[in-house]
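1. Take this sequence and fold it.
(one chain, ligands or ions: 1)
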Amino acid sequence: MSIKENLETIRENVKKACQRAGRDEKEVLILAVTKTRSAEEINEAISLGITDIGENRVQELMSKYDDVRKDVKWHIIGHLQTNKVKYIADKVSMIHSVDSLKLASEINARCEKISKVMDILIEVNSGEENKSGIDASEVFSLIEEVKDMKNVRIRGLMTMAPLGADEETLKTVFSNLKNLSEEIKERNYENVSMEHLSMGMSNDYKEAIECGATIIRPGRSLFI
Ligand SMILES: *Cc1c(COP(=O)(O)O)cnc(C)c1O
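-> Prediction:
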């Protein structure tokens, strides 16, 4: 399959999942996960209409950055070490994997230096074997600590479903994230919005859309 055909399939699936959920397909951003893909493949995806790409490693992002078309937005979707923030602060438009006060503070400090406000998502842990993200119970206190920082803006939540989860587990995990975002909205925190739910990878983006995803992160299904 070509990237073109894969993207057509994904778009069709997004449309159908939105119809099932009574949602407008324009609400769902296809964020192409480009880890392990060459700049050439990435540029092909951009030429087919991909506007946003996600990498989970800073080093890999840096190695491709100059060779990728400029008319695209980069996202960091994987665990980000505090000491790497300085390399990507000027390059990425959203960081999906904020999981500590220390990381948020470093992003804030680095963005202050370059007069930028970084959009961030808080990553919530959804499975025992999956160590990334914080527990749902810790999200409120992290928001309290981050919400007044001037150079980061919390725009929503992100999660990864447990690998190989069945349909029922997926729906539970994704609905839980949606419910958590609703609870956060009800608190009306200043400067915090919950407009984004980044959830759903190649194997589970349909379920994620049915549960309210606004950003899906397919990788293999687009490039293989
Ligand atoms: C790799 C990765 C994806 C994409 O996974 P696929 O199974 O290739 O679709 C999405 N999100 C994160 C955080 C990833 O690391």
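2. In three-state terms, label residue 155 for me.
-> Here residue 155 is strand, with the state taken from DSSP: H, G, I helix; E, B strand; the rest coil.
3. what's the burial count for it?
-> 20 (other C-beta atoms under 10 Å). The C-beta positions use only the backbone N, C-alpha and C, and glycine is treated the same way.
4. Please report how far it lies from residue 197.
-> 10 Å (C-beta to C-beta, to the nearest Å).
5. ok, now residue 70?
-> Taking C-beta to C-beta, one finds residue 70 at 28 Å from residue 197.
6. cool, and residue 143?
-> From residue 143 to residue 197 the distance is 15 Å (C-beta to C-beta).
7. out of these two, which sits in the busier spot?
-> residue 197 (24 against 17).
8. who touches that one in this structure?
-> 156, 157, 158, 177, 178, 181, 208, 212, 213, 214, 215 (C-beta atoms under 8 Å, 6 or more residues apart in numbering).
9. Could you list which of these belong to strands?
-> Members of the contacts of residue 197 lying in strands (criterion: DSSP state E): 156, 157, 158, 215.
10. mind listing the strands for this structure?
-> 29-30, 32-33, 52-55, 73-76, 92-98, 118-124, 152-159, 196-198, 215-216.
11. Which one of the ones you listed lies nearest to the ligand?
-> strand 32-33 (3.9 Å; C-beta to the nearest ligand atom).
12. What about residue 135, how many residues nearby?
-> With other C-beta under 10 Å as criterion, residue 135 counts 9.
13. next one: residue 108
-> For residue 108, using other C-beta under 10 Å, the count is 20.
14. how close does it sit to the ligand?
-> From residue 108 across to the ligand, the span is 22 Å (C-beta to the nearest ligand atom, to the nearest Å).
15. Next: residue 66.
-> When residue 66 is compared with the ligand (using C-beta to the nearest ligand atom), they lie 22 Å apart.
16. Quick one: residues contacting that residue.
-> So residue 66 contacts nothing (C-beta under 8 Å, 6+ apart).
17. Apart from its chain neighbours, what residue comes closest to residue 134?
-> Leaving aside its sequence neighbours, residue 134 sits nearest to residue 99 (C-beta to C-beta, 6 or more residues apart in numbering; 5.1 Å).
18. re the thing from before, out of the contacts of residue 197, who has the most neighbours?
-> The contacts of residue 197, ranked by neighbours (other C-beta under 10 Å): first place residue 213, 30 neighbours.
19. Backbone dihedrals for it, please?
-> Backbone geometry at residue 213, expressed as degrees, to the nearest 10, gives phi -60, psi 140.
20. Can you pull out the low-pLDDT segments for this protein?
-> Within the chain, the segments meeting pLDDT under 70 span 130.
21. Spell out which parts of it neighbour the ligand.
-> Residues of the chain found near the ligand (C-beta under 6 Å from any ligand atom) are 33, 35, 56, 77-78, 160, 201-203, 217-221.
22. Cool, thanks, signing off.
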